[in-house]
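Visitor: I'll drop the sequence and a predicted model, then ask my questions.
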Amino acid sequence: MFNKSDLIKINDYLWEIPKSYRKDMLVPARIYITEKMLGEVVKDRSLNQLVNLAALPGIVKYSLAMPDIHEGYGAPIGGVFATKLPDGIISPGSVGYDINCGVRLLRSEYTKEEIKPYLGKLIEEMFYAVPSGVGKGGEFKLSISEMDKILGKGMEYIKEKGYATEKDVENCESGGCLKADPCFVSDLAKKRGKDQLGTLGAGNHFIEIQEVDEIYDEKLAEELSFRKGQIAILIHTGSRGLGHQVATDYIRCFMQAMGKYKISLPDRELAAIPFSAPEGKKYFLAMGAAANFAWTNRQIITYSIRNVWKKILGLKKGSLDLIYDIAHNIAKVEIYDINGKDEELLVHRKGATRAFPGQLVLIPGSMGTSSYVLVGTEKSKESFFSACHGAGRTMSRHEAKRKINHRELLQEFTRRGIIIKSGSVSGLVEEAPLAYKNVDEVVEIVHQAGLAKKIVQLKPLAVIKG
Amino acid sequence: MSYKYKILPHPADIKLEITASSKEDIFRGALEGMAYIIQPNISKNSNLRKEEIEVHSMDINALLVDFLNEVLAKSDIHNSIFDNIKIEKLTGFYIKGIIEGRNVKEFSEEIKAVTHHELNINQDKNGDWKVIILFDV
């Protein structure tokens, strides 16, 4: 475990574990955090995991942790690092099992007052239209050839089939399509994904109907057509069993291949090999395919939600516009100025979002708490243009079940006027706000550190918990 | 045949500790423990399902993880929960057997994957086998 004294304070929002902390560190490790929150972070093993990242071959500058950091497996959740290509490593475990887990924001033209009479009906119908929970398949059963097209072309394919508009595609990170090759996705992965398109899954995945509660940047909010009280919908899910299997397959493959490349690591879950190696290239293209599946999944959910919206409200005030869709478990090739020279780097973000200057950054809170829309800045170059992805857990699921009373939790939501739909009592308790850090504090660090600037805060009115 | 398992605290995921009298029982206990996480009460009224399983891995630690991940994939594909195995052969690198379980409508908990994180099967001086497995949920 770490002591605060092991870290050097760079400023009020940034701390560093020097390279001298452990012999195998190739670069320092940095964490965006306040002194108050650091006191909590040192209680779990997330900083040890951050130090492990600093020992990965080919890493440049530093390993980084966002303020929502918590202990994971291999890389910590909230971990970011970049390796120099072509020979720096790629690590499936540092992307995570839920490849391209992400969030998307839809904006309506309705206000809170206008939507109020329909809210219960809307969330009820959405709950039935979008399968949620574990082992719940969707209506879209895919043939192998359709699956390959989705894996290869993502949002582009689903647009051709009439499930997405041109604007939907434009407003997804990377246009909802990464370079991919379905051949490198196993049959097992495809079988796991074949009836999971358009499904929410479980855990911390959700759909929320929200209202714009606070505006921090009037000009940018206006450009996005966001007004106080306006209704939006936030969707949080990923690549489902298909993505989990891709990660499982390649972690297994990399573990066996590491010896060939003389790579030895402190944790097997970090299994990594050079990006330029044949196995590295295959994983990158398989990861791209799983990412395309995740974008398609969120799009099919959007399609189902739009149908419910139209059925209940008609199209008098338009449909739901996709504002942005962002990945928070992914590895991407990006160009950075390193020592005055443009270098191609592979940026791993596990529980962290990309935050390019001018790009929207979506940060969901825990169930029933605030979510935020921010915009990336030039300053976030220091974090490889990355920001946090959510609130970050502080309490184990087990402890949450022990400490939180289901009935009291529901009463609290009712008191706050939030409608909750969930198929699982234990799942609801596990995701209670008390089990998470305070998202307002986490986002404030990102804002104050200058990694991204707050535009609006959204508050939930109705929640479908996966 | 003797094993026991218990869930240990972890900030985000689920840790399962298995103590067993043999290597075979580590695998049996891990399988039953994983089924317990997915669904604490499996209805015995639903159809019994049996599946062959055969896994090769680089060592015993990887074998346990690869075996459980294989079971997890079968669970996902067949909407079944497997809590028992008839082991035909187990070495340090290979397992073959028949897993048995039940068809279910849905699971209580979604396990995304069984991780290799700090996993180490070891035997203490009394001859008991022990392992801690971290599940990504």
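Guide: Ah, there it is.
Visitor: Which residue ranges of the stretch 1-150 of chain A form strands?
Guide: Defined through DSSP state E, counting those that start in this stretch, the strands belonging to the stretch 1-150 of chain A, from first to last, are A:8-11, A:14-17, A:29-32, A:63-73, A:75-84, A:89-90, A:102-111.
Visitor: Over to chain B?
Guide: Listed in chain order, the strands found in chain B under DSSP state E are B:3-8, B:14-20, B:48-56, B:80-90, B:94-103, B:113-114, B:122-123, B:129-136.
Visitor: ok, back up a step: could you dump the strands of the stretch 1-150 of chain A into CSV and include distance to residue A:311, mean neighbour count and mean pLDDT?
Guide: C-beta coordinates here come from the backbone N, C-alpha and C atoms, glycine included. Below are the strands of the stretch 1-150 of chain A laid out as CSV (distance: least, CB to CB, whole Å; neighbours: other CB atoms under 10 Å in any protein chain shown; pLDDT from 0 to 100):
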stretch, distance to residue A:311, mean neighbour count, mean pLDDT
strand A:8-11, 52, 12, 97
strand A:14-17, 49, 20, 98
strand A:29-32, 44, 27, 98
strand A:63-73, 36, 28, 95
strand A:75-84, 38, 28, 97
strand A:89-90, 45, 28, 98
strand A:102-111, 14, 22, 97
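Visitor: Which one of those strands lies nearest to chain B?
Guide: Evaluated over the strands of the stretch 1-150 of chain A, closeness to chain B peaks at strand A:63-73, with 3.6 Å, by CB to the nearest CB.
Visitor: Relative to residue A:346, which of the strands of the stretch 1-150 of chain A is closest?
Guide: Of all these, the one in closest proximity to residue A:346, counting by CB to CB, is strand A:75-84 (5.0 Å).
Visitor: between that closest one and strand A:63-73, how many degrees?
Guide: Relative orientation of strand A:75-84 versus strand A:63-73 (axes from the mean of the first three to the mean of the last three CA atoms, to 10 degrees): 140 degrees.
Visitor: Strand A:75-84 near chain B at all?
Guide: Yes: between strand A:75-84 and chain B, judged by CB under 8 Å from any CB of the partner chain, the touching residues are residue A:77.
Visitor: and that strand, C-alpha only, in PDB?
Guide: C-alpha atoms of strand A:75-84 as PDB (Å, rounded to 0.1, in the frame of the first residue of the first chain):
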ATOM      1  CA  ALA A  75      -4.400  -1.800 -15.200                       C
ATOM      2  CA  PRO A  76      -6.400   0.300 -12.700                       C
ATOM      3  CA  ILE A  77      -9.800   1.600 -13.800                       C
ATOM      4  CA  GLY A  78      -9.100   5.200 -14.800                       C
ATOM      5  CA  GLY A  79      -5.700   4.300 -16.200                       C
ATOM      6  CA  VAL A  80      -4.100   5.900 -19.300                       C
ATOM      7  CA  PHE A  81      -0.800   5.300 -20.900                       C
ATOM      8  CA  ALA A  82       0.800   5.600 -24.300                       C
ATOM      9  CA  THR A  83       3.500   3.400 -25.900                       C
ATOM     10  CA  LYS A  84       5.700   4.500 -28.800                       C
END
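Visitor: List phi and psi for residue A:230.
Guide: Recorded main-chain torsions at residue A:230 are phi -70, psi 150, according to degrees, to the nearest 10.
Visitor: For residue A:44, give its distance to chain B.
Guide: The span separating residue A:44 from chain B equals 5 Å under the rule CB to the nearest CB, to the nearest Å.
Visitor: Just the pLDDT at that residue, thanks.
Guide: You'll see residue A:44 listed with a pLDDT of 88.
Visitor: What residues does the residue nearest to it when sequence neighbours are not counted make contact with?
Guide: For residue A:44, ignoring the flanking residues on the chain, the nearest one in space by CB to CB, 6 or more residues apart in numbering or on different chains is residue A:71 at 4.1 Å. When the contact criterion is CB atoms under 8 Å, 6 or more residues apart in numbering or on different chains, the partners of residue A:71 are A:44, A:45, A:46, A:49, A:77, B:10, B:11, B:12.
Visitor: and if you look at residue A:393?
Guide: Residue A:393 is in contact with A:70, A:77, A:435, A:436, A:437, B:11, B:12, counting by CB under 8 Å, 6+ apart.
Visitor: Between those, identify the one with the most neighbours.
Guide: Using other CB atoms under 10 Å in any protein chain shown as the neighbour criterion, residue A:77 leads these with 28 neighbours.
Visitor: Let me see the contact set for that residue.
Guide: Listed by CB under 8 Å, 6+ apart, the contact partners of residue A:77 are A:46, A:68, A:69, A:70, A:71, A:96, A:350, A:351, A:392, A:393, B:12.
Visitor: How much space separates the fifth one from residue B:134?
Guide: As for residue A:71, its distance to residue B:134 is 10 Å (criterion: CB to CB, to the nearest Å).
Visitor: Give me the common contacts of the two.
Guide: Shared contacts of residue A:71 and residue B:134, counting by CB under 8 Å, 6+ apart, come down to residue B:10.
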